[in-house]
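Colleague: Any chance you can model this:
(one chain, ligands or ions: 2)
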Amino acid sequence: MFITFEGPEGAGKTTILKMIAKNLEEKQYEYIQTREPGGIRISEAIRSVILDKAHTEMDARTEALLYAASRRQHLIERVMPALENGTIVLCDRFIDSSLAYQGYARNIGIQEVWDLNQFAIQDCMPTFTLYFDIAPELGLQRIAANANREVNRLDQESISFHKRVYEGYEQVLQMFPNRIYRIDASKSVETVFEECWKIITTHLNE
Ligand SMILES: Nc1ncnc2c1ncn2[C@@H]1O[C@H](COP(=O)(O)OP(=O)(O)OP(=O)(O)O)[C@@H](O)[C@H]1O
Ligand SMILES: Cc1cn([C@H]2C[C@H](O)[C@@H](COP(=O)(O)O)O2)c(=O)[nH]c1=O
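Modeller: Ligands and ions are numbered 1, 2, ... in the order given. Now for the predicted structure:
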């Protein structure tokens with residue numbers, strides 16, 4: 001089972017992913033938790049290049065290619081071997097982030113970014129996706145209030161960019177109504193967790 005966590009900045013993806021991991025651990029499921037961009041050495045190195053605040057000159061297509069390259073290596077080294085073993089994969093962000101951020105918000109085109117990513121993923125799509133729906137203003141407020149979180153190049157984008165990311169996700173949800181579950185991420189951590197856990201247990205029991 002390949003489960004991805006998606007949504008704008010500060011939506012609570014990482015918080016809930018860790019809680020789900022803890023629950024799976026307690027119930028003795030085999031799982032891994034990982035993230036994009038990153039999760040393994042080469043992809044973490046690509047992450048540093050993409051998210052470096054100094055790299056303000058980065059071209060949108062270069063950005064899309066770097067995310068896709070990072071995705072490819074992470075799939076080959078970490079995700080696919082785990083799935084082949086029957087291990088549950090919890091992944092913080094995946095292809096939907098590229099569609100919303102690069103495809104829509106950066107104006108490359110969702111279809112173009114989808115096509116580019118087919119080379120990287122070779123049909124390895126998530127079993128299902130939890131989309132953390134939050135107004136960009138609230139998400140950004142949450143991350144601003146978190147003193148431990150380092151601000152990266154994407155965080156520094158304007159509020160209009162983050163609003164476009166939100167609109168981009170809306171398009172992506174329309175494209176994949178059977179794969180993506182919308183979660184109201186403005187609710188309390190406990191409520192959001194309960195909703196996500198209910199979806200996961202339904203799939204685990206299928
Ligand atoms: N439901 C919630 N209500 C209030 N605060 C929350 C909630 N979920 C998470 N937070 C807080 O919001 C901040 C961002 O949460 P988190 O890092 O989990 O979000 P994220 O979606 O992974 O963000 P990003 O994609 O930007 O890394 C953290 O300080 C976290 O404690
Ligand atoms: C996978 C992926 C990510 N992004 C963006 C989204 C965030 O701004 C950063 C990752 O930071 P996080 O704290 O780990 O969420 O990268 C993107 O634009 N495109 C992608 O494909």
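Colleague: Show the model's pLDDT score for N146.
Modeller: For N146, the pLDDT comes out at 88.
Colleague: Please identify the buried residues of the helix or strand encompassing L90?
Modeller: If you go by DSSP states H and E, L90 is part of strand 88-92. Neighbour-count burial for strand 88-92, counted by 16 or more other Cβ atoms under 10 Å, picks out I88, V89, L90, C91, D92. Where C-beta positions appear, they are placed from N, C-alpha and C, glycine not excepted.
Colleague: in terms of contact, does the second one touch T34 like I think?
Modeller: Which is V89. Yes. Judged on Cβ atoms under 8 Å, V89 makes contact with T34 at a distance of 6.8 Å.
Colleague: tell me, what's touching the two both at once?
Modeller: Common contact partners of V89 and T34 (Cβ atoms under 8 Å, 6 or more residues apart in numbering): V79.
Colleague: now the end-to-end length of stretch 171-186.
Modeller: Distance between the boundary residues of stretch 171-186 (Cα to Cα, to the nearest Å) amounts to 20 Å.
Colleague: Check the secondary structure at the closest residue to Q102 other than its chain neighbours for me.
Modeller: Spatial nearest neighbour of Q102, excluding adjacent residues (Cβ to Cβ, 6 or more residues apart in numbering): A64 at 4.0 Å. Secondary structure, DSSP: H, G, I helix; E, B strand; the rest coil: A64 is helix.
Colleague: Please name the residues that touch A64.
Modeller: Applying Cβ under 8 Å, 6+ apart, we find A64 in contact with S98, Q102, G103, R106, I108, V113, L116.
Colleague: same question, T87
Modeller: By Cβ under 8 Å, 6+ apart, the residues touching T87 are E30, Y31, I32.
Colleague: Show the buried residues in these.
Modeller: Neighbour-count burial (16+ other Cβ under 10 Å) applied to the contacts of T87 gives Y31, I32.
Colleague: Cross the contacts of T87 against strands and list the overlap.
Modeller: Judged by DSSP state E, the contacts of T87 include Y31, I32 as members of strands.
Colleague: Can you report phi and psi for D184?
Modeller: Backbone geometry at D184, expressed as degrees, to the nearest 10, gives phi -80, psi 100.
Colleague: count of residues packed around the spatially closest residue to it that is not a sequence neighbour?
Modeller: Once flanking residues are discounted, D184 sits nearest to D133: 5.9 Å by Cβ to Cβ, 6+ apart. Close neighbours of D133, defined as other Cβ atoms under 10 Å, add up to 19.
Colleague: Was I right to think D133 contacts A11?
Modeller: Yes. Contact criterion Cβ under 8 Å: D133 and A11 qualify, at 7.5 Å.
Colleague: hmm, back to that, distance-wise, check the residue nearest to Q102 relative to ligand 1.
Modeller: Counting by Cβ to the nearest ligand atom, to the nearest Å, the separation of A64 from ligand 1 is 18 Å.
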